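Trainee: kindly return the folded structure for what I paste below:
(chains A and B)
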Amino acid sequence: MKCRTFSFILLIISIPLMRFVPEVLASEITTPNRSITFPTDPFSFQPGPGQEIANTYCVICHSADYIYTQPPHSQTTWTEIIKKMKLAFGCPIPEESIIHLAQYLTHQNEIAPPAASPLEIQKASSPSRNEQGSRDKGKSVYTTHCLNCHGRMGKGDGPIGKMLIPPAANLTVLGEKSNQELLKTIQEGRPGTAMPSWKGDLSPQEIRNVLLYVRTFSQK
Amino acid sequence: MPFTDGLTRRRFLQAGLIAGGLSALGLRPVQANAPPGIDLPFSRGHRPLVAFPEKRPLMVMTTRPPQLETPFPIFDENIFTPNDAFFVRWHLAGIPTTVDLQTFRLTIRGRVQHPLSFSLTDLQTQFEPIEVAAVCQCAGNSRAFSEPRVAGGQWGHGAMGNAIWKGVRLRDLLEKAGVEKDAKHVRFDGLDRPVADVTPDFLKSLPVDHAMVDHVLVAYAMNGEPLPFLNGFPLRLVIPGWYASYWVKMLTDIEVLNHDDHNFWMDPAYRIPDNACGCVEPGQKPTSTVPLSTMPVRSFITNVADGATLSAGKPTLIKGIAFDQGYGIDQVLLSIDGGQHWDAAQLGKDYGDFSFRPWEIRVALKPGQSYQFQSLAINRIGESQQLQAKWNPNGYLRNAVETVHVRTQG
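Mentor: Below is the predicted model:
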């Protein structure tokens, strides 16, 4: 008896609802929103004099495969291309670095392009034992690779970071993100932002170290 | 300096067959240490095959911003290029990852009497729907075959596709807004943005006369489906006969200007030498330039890959596609001896003046011989492909007769 009363009430309630539901569905069908996730860069620039200039400036706007798919160009042509990136597209590369980058790109352009590097997330996710030593090593990695965008205190206010759309992430407010999440971001980069993948440049140990250092920003 | 590496034609053929097989089976290769790829027949021509969102595995020229080339066997399988195989080319890496149609609007502003704003539903319900079959071809399609080589995206022949585009006439939108008498150009902007705010946003303009042409569309569908995200969901400008650089993706803003547009992407980018051939002597720079616009006539053999070995004896079917800027294809000629003798191919179904036009011909081949297959298309105003490739510093406008080298079994 109880059950029957309950289902009767349900029936009454559901009549107006049923009339309303198809309209909601219809509008969803004619206007489906769409989202995608972009793959991360398959590799970064290879070791050699000038690698850091390429990994600092070129990858702000595009993946490294832009260079490795080019036919052999002379150093003069590479210099012209870099100057176009600086003058027409606003690449913040300092004038004095242009010649070093041109030499590096000319050399990279002559050798075989790198293979896509495998994911090393699992290896990178276990914490280090000697945390203080690792943090110090992480600071030096940070100064070399991260400071231009994320700034000295990690606020996302480095000289390049301020120009970016979206701006470089503020690393002082990462408290709630898991190590796993942050390691993945460093390893793989963040699609839709200028944050590149670092797995080709930094060893799993270096990535763990830099994360330890980055964690210190939210403690200050 | 080596402009060609030791890549054999056989290797290219094998790669092409792998790609054809993969696409036929709909396989998505797992990206492991060595992802499958295709080797195009020029230096630095290795292209990994990777499936981007809503796409089957395509040839990755660049990852960010994405530039993906259609493997050539797909043009033999389909006159209308499948949406998931259609090539992809973005200029700026600030591509949105979500489009919310509740808030998405296309605005019309500038030199108009009534600035307007439309949702996708407005466009689909308030205007006459129009369909056109048209080829979308990147201005730099086949750039990697420029000799001497030039800088820029190193495309093979697969930065093109043919689709049935459905949408509303741009003219209908502009007339509703009321274009002012002093209007000269109409400028288009998509949702994509530069990574750094100092980089010029990607904007393209059409002369107002061409914006009013009957078949210029704001398209919301491609081959009967919403546009793939990477091909410009939800709206894309469609300018049949003109190069794809003008077909602005994720179109969100139309601004009517009372002056010429000299934004970076109109000047100095995407310009060709200001002369009849759009060309200069190899290695030279043009003295003056004009904006690129229409596509010269082209044709391709689609069912025989360069380096193939064929059997002799019975008549061999050779087939392919041809297209031009919209005059329509009048004739396709085929040579098997590198251009000494030509025979007329039979044209297939006509899907409209802006579409790929299929063609085919049967030829007799002798055993144990080498052949050079070439196709040459002529449009209805008598323009034909070039026997000798023209050259310009950006590798635009290629419409040379391409050669497919073949051997027959002895």
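Trainee: ok, and the closest non-adjacent residue to the closest residue to chain A within the stretch 51-200 of chain B?
Mentor: Closest residue of the stretch 51-200 of chain B to chain A, CB to the nearest CB: B:V198 (2.9 Å). (Glycine included, C-beta is placed from N, CA and C.) Closest residue to B:V198 apart from its sequence neighbours, by CB to CB, 6 or more residues apart in numbering or on different chains: A:G90 at 2.9 Å.
Trainee: please apply the same query to B:Q126.
Mentor: Once flanking residues are discounted, B:Q126 sits nearest to B:F118: 7.7 Å by CB to CB, 6+ apart.
Trainee: for B:L310, see how far away B:L334 is.
Mentor: 14 Å (CB to CB, to the nearest Å).
Trainee: more neighbours: these two, which one.
Mentor: For B:L334 and B:L310, the more surrounded residue by other CB atoms under 10 Å in any protein chain shown is B:L334, and the numbers stand at 22 against 17.
Trainee: ok so, going back, please name the residues that touch the residue of the stretch 51-200 of chain B closest to chain A.
Mentor: By CB atoms under 8 Å, 6 or more residues apart in numbering or on different chains, B:V198 lies in contact with A:F89, A:G90, A:M163.
Trainee: give me the phi and psi for the closest residue in space to B:A177 that isn't next to it in sequence.
Mentor: Counting by CB to CB, 6+ apart, B:V112 is the residue found nearest to B:A177 once chain neighbours are left out, at 4.0 Å. Phi and psi for B:V112, reported as degrees, to the nearest 10, are phi -130, psi 150.
Trainee: same question for B:P115.
Mentor: According to degrees, to the nearest 10, B:P115 has phi -60, psi 140.
Trainee: show me what contacts the residue nearest to it when sequence neighbours are not counted?
Mentor: Spatially, and ignoring its direct neighbours in sequence, B:P115 is nearest to B:R109 (4.4 Å; CB to CB, 6+ apart). By CB under 8 Å, 6+ apart, B:R109 lies in contact with B:P115, B:D253, B:I254, B:E255, B:V256.
Trainee: ok, those residues vs chain A, which is closest?
Mentor: Among the contacts of B:R109, and counting by CB to the nearest CB, the member closest to chain A is B:D253, at 16.9 Å.
Trainee: ok but the residue nearest to B:P115 is inside a strand, no?
Mentor: Yes - assessed by DSSP: H, G, I helix; E, B strand; the rest coil, B:R109 belongs to a strand.
Trainee: I figured B:H215 hits B:F354, correct?
Mentor: Yes - here B:H215 lies in contact with B:F354, judged by CB atoms under 8 Å, at a distance of 7.3 Å.
Trainee: identify the contacts common to these two.
Mentor: By CB under 8 Å, 6+ apart, the residues touching both B:H215 and B:F354 are B:V132, B:A134, B:P240.
Trainee: just list whatever residues bridge to the first one.
Mentor: When bridges are taken as DSSP bridges, the partners of B:V132 come out as B:W165.
Trainee: okay, now the domains of the chain?
Mentor: As the question left the chain open, I've gone with chain A. Following automatic domain parsing, one gets these domains for chain A: A:51-110, A:121-219.
Trainee: chain B was what I was after
Mentor: B:9-79, B:106-291, B:298-408.
Trainee: pLDDT of the shortest one, averaged?
Mentor: Same thing as domain B:9-79. Regarding domain B:9-79, the rounded mean pLDDT is 73.
Trainee: now the closest residue to chain B within chain A: phi and psi?
Mentor: Nearest residue of chain A to chain B (CB to the nearest CB) works out as A:G90 at 2.9 Å. Backbone torsions of A:G90, given as degrees, to the nearest 10, read phi 80, psi 20.
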